[in-house]
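Peer 1: sequence first, then the predicted structure, then my questions.
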Amino acid sequence: MSKAFRLMVIVIIIGLSVYSIWDSYNYYFKLSPDVRRIVNEPNYSSYDELSYEEKQQFTTATNLKDDVVQLGLDIKGGIHVVVEADFSNVVAENTNYNTVKDIPDEVKDAMLEQIIIKIEQRINEYGLSETTIRRVGQKRITVEIPGMSSFTDIESLIEQQGQLRFQIVNKELTAEAYNYMTDDLQLTNKEMLAKIKKEGCELTTNVKSGFGIPTEQGMVYGFAVLKTNIEMTGEAIEEAKKTFDSQRAGGYQVSFQLDSEGRARFAKVTAANKGENLAIILDDRLMSAPTIRDVIAGGQGVITGNFSKTKAARLALVLKSGALPVKIAVVSKDVVNATLGDELLKKGLRAMFWGVLAIVIFMLLRYRFSGFLAALALALNGLIILATLIPLGLTLTLPGIAGLLLTMGMAVDANVIIYERIREEIFVARRYIYDAIGVGYQKAFWTIFDANITTLIAAFILANYGSGPIKGFANTLFIGIIVSMFTSLFCTRYIYDELIDKNIIKTYSKLIV
């Protein structure tokens, strides 16, 4: 391999690394923390509080935030949520299963994967990035969102099932049931309950609803008796968005658009039920029951419910992503304070600085100019590793910093092996220094390769099957091992060859190793 080609490879890799890391430098060192914090929040309520200069920075930060080294939850701060899937409804709907234990593992696995996909879609649509969602065991999922400090919106966004269905109201039974309903919309009359069941109907309520269903006995509010036949489900929804509710000042509603198959079905349902009320049920709660005046062929509809702007937007996201296959519930939630994350990051970086400094001093004292080359390789090592994290979409965590430091130690170990081999060839085999360098690299190569390949295999397994801190550690370790072999065996060797060609090695041989 010619020296010109090796130089071109080194220059290209360094150039790409600097280009990749440049945006990260501008983002983390040129922009104010307040601007970065606001950019990472899904709503920009604090934008108006920024100064003119900070608003300019805000625009820059918005353009840069997806192309920088992403920091993990332990560094950046944020929220950590654990949700648990409830498979009991699967048992109720499937006669093949008597208990949850009877559900095959592959069925549970498929449902958990669907839940992960749905949650990811909701969070991405909400405007959050850098989210980590992964399975834990047979029924739990963890969600980590760096930069967030409140569960208020996220919790309901995650655990809302989003099961939407459309059913026709039985107005006669609704009017009759009205006579037996308590003030808090409870129906305890056994005869009435039995009659509803006998007629193949079901009762649904929503205490907060403000709409009414016209019956022969007048308007009925807050509940309805429904025909159990489900006319449509939310799977046909193609688009959903929040809109102003013209019937309620300052209120919002959710407008939806059905796909082609849904439009045809909706037109058929409305044509067959003119004059009836079509109940819109979300997660077993009655949202509204508008009267069908005419055939609705356009496939458009609205869901009302005295929504605030935030709740309407959240519901629209849930409906667009589709319903979860089973119910889930939040079983634990924690907030990692950003201040704590900054302190941990400072400690981690401080530890890495002193560790690297100690290594550099040792190498300079022990190997003189060669020690300087090792230090240069270390700096290049760190640059390439950090730059590689960005295109791979990996997150830098505190364990990742530990992996980075360990990688640098291993890179120096490779240099030590090379330099000791060179010394051995000079002082034992009595070779000239330029011959000793070539032989030293040749003999050290397989020793370094064998040592690193075993660690590489272990890091690969940890990166693929580990989670959380283990995965962050393994990712930087895996990348670092490959990069350290490049800098130790390829880059430093090129510099030695240049020194040999220019006869500098022979002139200053006592200062080289």
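Peer 2: On my side now, so go ahead.
Peer 1: select the longest helix from this structure.
Peer 2: For the chain, the helix with the greatest residue count under DSSP state H is helix 433-465.
Peer 1: where does pLDDT dip in the stretch 401-513 of the chain?
Peer 2: When residues are selected by pLDDT under 70, those of the stretch 401-513 of the chain lie in 466-469, 506-513.
Peer 1: quick one on the thing from earlier: report the buried residues of the longest helix of the chain.
Peer 2: 433-434, 436-441, 444-445, 448, 452, 455-456, 459, 462-463 (16 or more other C-beta atoms under 10 Å). The way it works is simple: take the backbone N, C-alpha and C, and place the C-beta from them, glycine included.
Peer 1: same question for stretch 197-216.
Peer 2: Those buried within stretch 197-216 under the rule 16+ other C-beta under 10 Å are Cys201, Glu202, Leu203, Thr204, Thr205, Asn206, Ser209, Phe211, Ile213, Thr215.
Peer 1: show me what the strand or helix carrying the second one is packed against.
Peer 2: Think Glu202. According to DSSP states H and E, Glu202 maps onto strand 201-205. Contact here means 3 or more C-beta pairs under 8 Å, 6 or more residues apart in numbering; DSSP states H and E; on that basis strand 201-205 packs against helix 190-198, strand 223-227, strand 285-288.
Peer 1: strand 223-227 and the first one, what's the angle between them?
Peer 2: Orientation note: helix 190-198 sits at an angle of 40 degrees relative to strand 223-227 (axes from the mean of the first three to the mean of the last three C-alpha atoms, to 10 degrees).
Peer 1: so what touches helix 190-198?
Peer 2: Leu173, Glu176, Ala177, Tyr180, Leu187, Glu202, Leu203, Val225 (C-beta atoms under 8 Å, 6 or more residues apart in numbering).
Peer 1: which of these lies closest to Leu392?
Peer 2: Comparing those against Leu392 with C-beta to C-beta places Glu202 closest, at 51.2 Å.
Peer 1: against Asp284, how distant is that closest one?
Peer 2: With distances defined as C-beta to C-beta, to the nearest Å, the gap from Glu202 to Asp284 amounts to 10 Å.
Peer 1: same check on Lys227?
Peer 2: As judged by C-beta to C-beta, Lys227 and Asp284 stand 16 Å apart.
Peer 1: name the nearest residue to Thr99, sequence neighbours excluded.
Peer 2: Spatial nearest neighbour of Thr99, chain neighbours left out: Val91 (6.4 Å); criterion: C-beta to C-beta, 6 or more residues apart in numbering.
Peer 1: mind checking which helix or strand that neighbour is in?
Peer 2: Using DSSP H and E, Val91 sits in helix 88-93.
Peer 1: next SSE after that helix?
Peer 2: If you walk from helix 88-93 toward the C-terminus, the next helix or strand you reach (DSSP H and E) is helix 105-126.
Peer 1: what's that next one packed up against?
Peer 2: With contacts defined as 3+ C-beta pairs under 8 Å, 6+ apart, the secondary structure elements packing on helix 105-126 are strand 78-86, strand 132-136, strand 140-146, helix 152-159, helix 309-321.
Peer 1: what would the ones you listed look like in a markdown table with distance to Asp501?
Peer 2: As requested, the helices and strands packed on helix 105-126 are arranged in a markdown table below (distance: least, C-beta to C-beta, whole Å):
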| stretch | distance to Asp501 |
| --- | --- |
| strand 78-86 | 53 |
| strand 132-136 | 50 |
| strand 140-146 | 50 |
| helix 152-159 | 61 |
| helix 309-321 | 62 |
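Peer 1: for Lys118, find the nearest of the ones you listed.
Peer 2: With C-beta to C-beta, the closest approach to Lys118 among the helices and strands packed on helix 105-126 belongs to helix 309-321: 5.1 Å.
Peer 1: can you pull the buried residues of the helix or strand following that closest one?
Peer 2: Taking DSSP H and E as the definition, the helix or strand that follows helix 309-321 towards the C-terminus is strand 327-336. Applying a neighbour-count criterion of 16+ other C-beta under 10 Å, one finds Lys327, Ile328, Val330, Val336 buried in strand 327-336.
Peer 1: and which of those residues is nearest Phe151?
Peer 2: For the buried residues of strand 327-336, the closest approach to Phe151 (C-beta to C-beta) belongs to Val330, at 8.2 Å.
Peer 1: is it correct that that closest one is in contact with Val82?
Peer 2: Yes: counting by C-beta atoms under 8 Å, Val82 is a contact partner of Val330 at 7.2 Å.
Peer 1: so what does whatever helix or strand comes next after the strand holding Glu202 touch, helix or strand wise?
Peer 2: On the C-terminal side of strand 201-205, the nearest following helix or strand under DSSP H and E is strand 212-215. Here strand 212-215 touches helix 171-178, strand 218-221, going by 3+ C-beta pairs under 8 Å, 6+ apart.
Peer 1: quick one on the thing from earlier: now for the helices and strands packed on strand 201-205, which one comes closest to Asp66?
Peer 2: Closest to Asp66 of the helices and strands packed on strand 201-205 is strand 285-288 (C-beta to C-beta; 35.8 Å).
Peer 1: just the helices and strands packed on strand 201-205: most buried one?
Peer 2: Comparing the helices and strands packed on strand 201-205 by mean neighbour count (mean count of other C-beta atoms under 10 Å), strand 223-227 comes out on top with a mean of 24.
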